[in-house]
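**Q** return a 3D structure for these sequence lines:
(2 chains)
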There are 2 protein chains.
Amino acid sequence: MLTIFGSIAYDTIRTPAKIVKNALGGAATYAAISASFFVKPGLIGVIGQDFPKNYQNILNRFVDTRGVVHAKGKTFRYDGSYDSTLSMRTTNKTELNVLKDFKPVVPEEYRKSEFVYLANNDPAQNTRILKEFDRVKFSMCDTIEFWISSKRNDVIKMMGSVDSVVINDEEAKLLTKNHNLIKAAKKIMGWGTKYVIIKKGEHGSLLFYEDMIFPSPAFSMEDIVDPTGAGDSFAGGMIGYLSNKNNTKISTIREAAVYGNVMGSFAVEKYGVYGITGLKRSDIKKRFDRYKKMVRF
Amino acid sequence: MLTIFGSIAYDTIRTPAKIVKNALGGAATYAAISASFFVKPGLIGVIGQDFPKNYQNILNRFVDTRGVVHAKGKTFRYDGSYDSTLSMRTTNKTELNVLKDFKPVVPEEYRKSEFVYLANNDPAQNTRILKEFDRVKFSMCDTIEFWISSKRNDVIKMMGSVDSVVINDEEAKLLTKNHNLIKAAKKIMGWGTKYVIIKKGEHGSLLFYEDMIFPSPAFSMEDIVDPTGAGDSFAGGMIGYLSNKNNTKISTIREAAVYGNVMGSFAVEKYGVYGITGLKRSDIKKRFDRYKKMVRF
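**A** Okay, here's the model as predicted:
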């Protein structure tokens, strides 16, 4: 089984073309829906009383929601604006709401999960919750600037407790204080994780393992609508594929990184989660095959 | 035969680690030396009376210098500084010197060249000189911000007269006024060229042809010493490989783009041209094979 722990949110997304309010969002939402095309993931998160029925239905359709806690108060809210190139995002407002006092617990049914993805949560909380799983074969975490700036030591400790770190290029540079991504990845591996995946947006990703580097370009997209959740969809697709294959051979992890890129490319095609919720498994396989053909020489 | 037309220079390179004065440089110098590992290219350019014997010896060792004109005055000089990440360069000084009144002529011996590379020269001059060749099978040009800003229409006309355009990502955006590289490439193809290669530095390159996109990641480098000439070495390696294969099948052009990335990766390993002058053909083949293994999944 695969368990994903992280935020479920109400997003306001502002692009030059459109403003979308109260969209279903959150790192764990994207990652779990993305992973769901490979396995049925268990989701751990919290929602408030304002979380509407139709969003609950979306979650129920894709994931095991036994780990989703309904709390008193309002759902976590995020409001962000993209620049004209859709490559820079500014945070307008973050309201933690029910996320603030959330004490995540791993449901009994999830404890035997062999694959665990810890999205952009408090690093100390991530480290602690990972210990509640009994049979972890492959754990992965992401982090964001907020935690790097406020709890750097906890981030480093967390990265030493997981098998794999998936992280944005800018955040990898910020965290390691090194602008060379290879040096940055080596530094992160030095903290104890075996694999590092650096996400570079339109430039694809770099996977590091021992002395190996596997660069995979992004699936080239002419029309990007909304980059929100692309990185989370990448991570979800990657660990979803691994969980489906139920192995952690390096050749499988390389394929998984390509599936990550593929899922990220779907995520940006529509606003919110709708780039991935409308997919069929055959769409994903088709794009993976096109990708394979695209990079061949 | 392959002919390369462009600047031969005295460079001053300033990196945070070191300042190198009076280094052998110039777009055509890098491109021609890089191409020389595949074919012996003819070089068209101009040098001044201050151009030292040892630099002439380097050129003679790698290229056919019958097209190099010795003019009265000083050699073209360029002085640039890199920032701490080695990814941004600021021009401190450009002295055109003998380049200013240079009227390039294609030597009789070069006229039958089937492969022609026009480096970052005056676009009108590039368009004109291309007509002096009788049997061009594959022509390629590059351009720089200076010409885009000062002679945009001539740049566009030039791009309509060659088979292939190789250009940096930032310059492609500036030229086409579009931040999406696919849209930018399509716009350039709309001006008449068949192939567009966008160089993205550490992120590799994108090759465009009709509806095809071939992204190839850069050969991952942990230690970059001096990025000067990497793009020119890319272009030289690419057209050198094509010229050696003497065909312009799309599969060959894809391989050529990978050789471009490989040559660019060597160029940044040492100051000035010394990243490529010390190479053996076997080093290049070896890195190409490593590259192939690196990207496989």
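**Q** for the stretch 1-150 of chain A, which segments count as helices?
**A** A:27-35, A:53-62, A:123-130, A:145-150 (DSSP state H, counting those that start in this stretch).
**Q** where's the residue positioned nearest the centre of chain A, which helix or strand?
**A** Taking Cα atoms, centre = their mean, the centroid of chain A lies closest to A:D232, which sits 2.6 Å from it. A:D232 is part of helix A:230-245, with elements assigned from DSSP states H and E.
**Q** that helix vs chain B: in contact?
**A** No. Helix A:230-245 stays clear of chain B (Cβ under 8 Å from any Cβ of the partner chain), getting no nearer than 11.8 Å. Every residue, glycine included, has its C-beta placed from N, CA and C.
**Q** other SSEs contacting that helix?
**A** In terms of contacts (3 or more Cβ pairs under 8 Å, 6 or more residues apart in numbering or on different chains; DSSP states H and E), helix A:230-245 is packed against strand A:2-5, helix A:27-35, strand A:115-118, strand A:138-141, strand A:164-168, strand A:195-199, helix A:250-267.
**Q** ok, now with 7 Å
**A** Secondary-structure packing of helix A:230-245 (3 or more Cβ pairs under 7 Å, 6 or more residues apart in numbering or on different chains; DSSP states H and E): strand A:2-5, helix A:27-35, strand A:115-118, strand A:138-141, helix A:250-267.
**Q** for the second one, packing partners?
**A** Judged by 3+ Cβ pairs under 7 Å, 6+ apart, the packing partners of helix A:27-35 are strand A:2-5, strand A:42-47, helix A:230-245, helix A:274-277.
**Q** now with 6 Å?
**A** Applying 3 or more Cβ pairs under 6 Å, 6 or more residues apart in numbering or on different chains; DSSP states H and E, one finds that helix A:27-35 contacts strand A:2-5, helix A:230-245.
**Q** and that helix, what's buried?
**A** A:27-35 (16 or more other Cβ atoms under 10 Å in any protein chain shown).
**Q** over to stretch A:201-210?
**A** For stretch A:201-210, the neighbour count (16+ other Cβ under 10 Å) marks A:201-209 as buried.
**Q** extract the CA atoms of it and return them as CSV.
**A** The C-alpha trace of stretch A:201-210 is given here as CSV (Å, rounded to 0.1, in the frame of the first residue of the first chain):
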residue,chain,number,x,y,z
GLY,A,201,9.9,22.6,-13.9
GLU,A,202,10.0,23.1,-17.7
HIS,A,203,13.5,21.7,-17.7
GLY,A,204,12.5,18.3,-16.3
SER,A,205,14.3,16.5,-13.4
LEU,A,206,17.5,15.1,-12.2
LEU,A,207,17.6,11.8,-10.3
PHE,A,208,20.7,11.1,-8.1
TYR,A,209,21.7,7.8,-6.6
GLU,A,210,25.3,7.0,-5.5
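**Q** now it: mean pLDDT?
**A** For stretch A:201-210, the mean pLDDT works out to 97.
**Q** repeat for stretch A:173-189
**A** Stretch A:173-189 carries an average pLDDT of 97.
**Q** would you mind listing what in chain A touches chain B?
**A** By the rule Cβ under 6 Å from any Cβ of the partner chain, the part of chain A lying against chain B is A:85, A:179, A:182, A:203, A:213, A:215, A:217, A:220, A:222, A:254-255, A:258, A:297.
**Q** chain neighbours aside, what residue packs nearest to A:M88?
**A** Excluding the flanking residues, the one nearest A:M88 by Cβ to Cβ, 6 or more residues apart in numbering or on different chains is A:Y82, at 6.9 Å.
**Q** bridging residues for the residue nearest to A:I250 when sequence neighbours are not counted?
**A** Spatially, and ignoring its direct neighbours in sequence, A:I250 is nearest to A:Y209 (5.9 Å; Cβ to Cβ, 6+ apart). Counting by DSSP bridges, A:Y209 forms beta bridges with A:Y195, A:M212.
**Q** any idea how far A:Y209 lies from A:K194?
**A** According to Cβ to Cβ, to the nearest Å, A:Y209 stands 7 Å off from A:K194.
**Q** distance from the chain centre to the helix holding A:D232, please.
**A** Offset of helix A:230-245 from its chain centre (Cα atoms, centre = their mean, to the nearest Å): 8 Å.
**Q** now do stretch A:145-157
**A** Counting by Cα atoms, centre = their mean, stretch A:145-157 comes out at 17 Å from the chain centroid.
**Q** got the CA positions of it in PDB?
**A** Extracted C-alpha coordinates of stretch A:145-157, given in PDB (Å, rounded to 0.1, in the frame of the first residue of the first chain):
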ATOM      1  CA  GLU A 145      11.000  27.300   1.400                       C
ATOM      2  CA  PHE A 146       8.900  28.000   4.500                       C
ATOM      3  CA  TRP A 147      10.300  25.000   6.400                       C
ATOM      4  CA  ILE A 148      13.800  25.500   5.000                       C
ATOM      5  CA  SER A 149      13.800  29.100   6.300                       C
ATOM      6  CA  SER A 150      12.100  28.300   9.700                       C
ATOM      7  CA  LYS A 151      13.200  24.800  10.600                       C
ATOM      8  CA  ARG A 152      16.300  24.000   8.500                       C
ATOM      9  CA  ASN A 153      17.700  21.500  11.100                       C
ATOM     10  CA  ASP A 154      14.500  19.600  11.200                       C
ATOM     11  CA  VAL A 155      14.400  19.500   7.400                       C
ATOM     12  CA  ILE A 156      17.900  18.000   7.400                       C
ATOM     13  CA  LYS A 157      17.000  15.400  10.000                       C
END
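**Q** picking that back up, tell me the most buried of the helices of the stretch 1-150 of chain A?
**A** Mean neighbour count (mean count of other Cβ atoms under 10 Å in any protein chain shown) peaks for helix A:27-35 among these, with a mean of 33.
**Q** quick one: mean pLDDT for that one?
**A** Averaged across helix A:27-35, pLDDT comes to 98.
**Q** specify the angle between that helix and strand A:42-47 in degrees.
**A** Per axes from the mean of the first three to the mean of the last three Cα atoms, to 10 degrees, the angle that helix A:27-35 makes with strand A:42-47 is 150 degrees.
**Q** identify the residues contacting helix A:27-35?
**A** With contacts defined as Cβ atoms under 6 Å, 6 or more residues apart in numbering or on different chains, helix A:27-35 is touched by A:2, A:4, A:6-8, A:41, A:43, A:45, A:62-63, A:117, A:119-120, A:229, A:232-233, A:235-237, A:240, A:263, A:273, A:276.
**Q** recalculate using a threshold of 8 Å.
**A** By Cβ atoms under 8 Å, 6 or more residues apart in numbering or on different chains, the residues outside helix A:27-35 that reach it are A:2, A:4-9, A:41, A:43-45, A:58-59, A:62-63, A:117, A:119-120, A:142, A:228-229, A:232-237, A:239-240, A:243, A:263, A:267, A:273, A:276-277.
**Q** quick one: low-confidence parts of chain A?
**A** Judged against pLDDT under 70, chain A has no low-scoring part.
**Q** could you dump the helices of the stretch 1-150 of chain A into JSON lines and include distance to B:R135?
**A** As requested, the helices of the stretch 1-150 of chain A are arranged in JSON lines below (distance: least, Cβ to Cβ, whole Å):
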{"stretch": "helix A:27-35", "distance to B:R135": "53"}
{"stretch": "helix A:53-62", "distance to B:R135": "61"}
{"stretch": "helix A:123-130", "distance to B:R135": "64"}
{"stretch": "helix A:145-150", "distance to B:R135": "57"}
